[in-house]
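Student: all I have is the shape, not the residue letters:
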């Protein structure tokens, strides 16, 4: 079993070494968000993301943000500032750098501010080569 795990890790490292030049050595994006993301109508939330290299170190990168839910939230694609346009529903956001994309993260929208958004924890790393 250890041999299989070692082979899988070796294969993953080899695959990462052949990433397109456009990634600049970035193999993952890490999104840091509050533990519970509930956003009241008209309020804002600042999203943060870090690019990681194959060693897991943070590296400089131009991270862009997108959402398929523009009727529910306003999203600054460069800064990652989200503002609720609706008091109901769930909006999704995603960070990207070149062909790397995170999974969609859900933000719940509410009529009243029920979450002070005071603590943050990193989400699991997510990677997708398109």
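Tutor: Structure's in. What do you need? The shown structure was predicted, so the numbers you read here are calculated from the model rather than taken from an experiment.
Student: and the strands in the chain?
Tutor: Per DSSP state E, the chain carries strands over the ranges 26-34, 38-40, 44-46, 48-53, 58-59, 64-66, 73-75, 81-84, 90-97, 100-101, 105-110, 120-122.
Student: can I get those in TSV including mean neighbour count?
Tutor: The C-beta positions use only the backbone N, C-alpha and C, and glycine is treated the same way. What follows is these, written out as TSV (neighbours: other C-beta atoms under 10 Å):
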stretch	mean neighbour count
strand 26-34	20
strand 38-40	20
strand 44-46	15
strand 48-53	19
strand 58-59	12
strand 64-66	16
strand 73-75	19
strand 81-84	19
strand 90-97	20
strand 100-101	21
strand 105-110	18
strand 120-122	10
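Student: what residue ranges in the chain score low on pLDDT?
Tutor: 1-24, 113-130 (pLDDT under 70).
Student: now with 90, please.
Tutor: By pLDDT under 90, the weakly predicted segments of the chain are 1-26, 32-37, 111-130.
Student: pull up the distance across stretch 94-106, start to finish.
Tutor: End-to-end distance for stretch 94-106: 9 Å, by C-alpha to C-alpha, to the nearest Å.
Student: dump the residue contacts of the nearest residue to residue 68 once chain neighbours are set aside.
Tutor: Nearest residue to residue 68, sequence neighbours excluded (C-beta to C-beta, 6 or more residues apart in numbering): residue 92, at 6.1 Å. Contacts for residue 92 (C-beta atoms under 8 Å, 6 or more residues apart in numbering) come out as 67-69, 104-107.
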